[in-house]
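# quick one, structure for this:
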Amino acid sequence: MEESGTNDRVLRVDGLVNARDLGGLERADGTLTPHGVFFRSDNVDRISTDGWQQVYEAGIRTVVDLRQPGEREGDTQTRPAWLTTINVDLDGLENTEFWADYWDNGLVGTALYFLPHITEMPERAGAAISSIVNAPPGGVLFHCMGGRDRTGIIAMLLLSAVNATSEEIVDYYLETVRLGDLRAASSNRNNAESLLNELCERHGTTTEGAFRTALAGFDLRGFIKAADLPESDRAALSTWRGSVPESQSMRL
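Got it, this is the predicted structure:
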């Protein structure tokens, strides 16, 4: 992918280090995913007053927060009155049986848990997708803490639904991995990407390989059925809220 394409997607907001548009990625028919519809980022509680003005100028009017309730309790910043915030707990930690296999061993920080989570708790990702496609008019930004894994799952679903090519979806995920140093510095932590890759290697793969496997194994129509998304949500998902002509969209 050309560097200019990556730069075109960057959402430059004071306080964010891992924010970008889902637009500009090649689709299977050779067209590009639309700009200005969906955005992903790290924790928006870090956005400054000037940063919120930048968010507004980007056309974003809704934030979908994928974090757990306990994480949201730590927020300290006041958000602008023009912004709609929708909270969707993607994790579902009350499902202790599921998380016993992914939390304490660190796999929650890798794509190795993506497909199992979607399969075990499709209603969680379904609620996030429904909130995103039914948001008020304007661009929609979804985020977690670092904008890596929970945000990565939802980005994978949205890009799959608009038939972005597999290589574009993989590279889009890896953009966050490549920002490891910057993400770590913004949260006063060490870059954990090498350790996460070593963890993946102990399970016979790599950071990139784990995501490729998740993407290849993702059954979009099966997920939609399991999440019980209504027809209206399916139409809004496949057309990205009407920004993709029906003639160019998949029937979900």
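# check contacts around the one residue sitting closest to the centre of the chain.
The centroid of the chain falls nearest to Thr151 when counting by CA atoms, centre = their mean (2.7 Å). Residues near Thr151 by CB atoms under 8 Å, 6 or more residues apart in numbering: Arg40, Ser41, Leu66, Phe142, His143, Cys144, Thr176. C-beta: built from backbone N, CA, C; applies to glycine.
# and the fifth one, bridged to which residues?
Partner residues in beta bridges with His143, using DSSP bridges, are Ser41, Asp65.
# what's around it, how many residues?
Counted with other CB atoms under 10 Å, the neighbours of His143 add up to 24.
# the second one now?
Residues near Ser41, counting by other CB under 10 Å, number 25.
# look up how far Val108 lies from it.
To Val108, Ser41 is 20 Å away according to CB to CB, to the nearest Å.
# ok, the third one next?
In this structure, Leu66 and Val108 are separated by 13 Å, where distance is defined by CB to CB.
# which one's more surrounded, those two?
Per other CB under 10 Å, whichever of Leu66 and Val108 has more neighbours is Leu66, with 28 against 16.
# picking that back up, ramachandran coordinates for the residue nearest to the centre of the chain?
For Thr151, the backbone dihedrals (degrees, to the nearest 10) come out as phi -60, psi -30.
# what pLDDT does it get?
pLDDT for Thr151: 98.
# now swap in Asp8 and tell me
Reading off the model, Asp8 has pLDDT 82.
# surely it meets Gly24?
Yes. The criterion here is CB atoms under 8 Å, and Asp8 meets it with Gly24 at 5.4 Å.
# now for these two: what residues contact both?
Counting by CB under 8 Å, 6+ apart, the residues touching both Asp8 and Gly24 are His35.
# these two - which one has more neighbours?
Between Asp8 and Gly24, counted using other CB under 10 Å, Gly24 has the larger neighbour count: 19 against 13.
# from what I see, Phe98 and Ile118 are in contact.
No. Using CB under 8 Å, Phe98 makes no contact with Ile118, being 11.4 Å away.
# of these two, who's got more company?
Taking neighbours as other CB under 10 Å, Phe98 and Ile118 compare with Ile118 leading, 23 against 18.
# any idea how far Ile129 is from that one?
11 Å.
# likewise Asp181?
In this structure, Asp181 and Ile129 are 31 Å apart, going by CB to CB.
# now swap in Gly146 and tell me
Look at Gly146 and Ile129: by CB to CB, they are 21 Å apart.
# distance of the spatially closest residue to Asp91 that is not a sequence neighbour from His117?
What sits nearest to Asp91 in space, not counting adjacent residues and going by CB to CB, 6 or more residues apart in numbering, is Gln68, at 5.5 Å. Counting by CB to CB, the gap from Gln68 to His117 is 14 Å.
# which one's more surrounded, those two?
Each of Gln68 and His117 has its neighbours counted (other CB under 10 Å); His117 has more, 23 against 17.
# element containing the more buried one?
His117 belongs to helix 114-120 when assigned by DSSP states H and E.
# what are the buried residues along that helix?
Going by neighbour count (16 or more other CB atoms under 10 Å), the buried part of helix 114-120 is Phe114, Leu115, His117, Ile118, Glu120.
# that one: how far from the chain's middle?
In terms of CA atoms, centre = their mean, to the nearest Å, the centre of helix 114-120 is set 15 Å apart from its chain centre.
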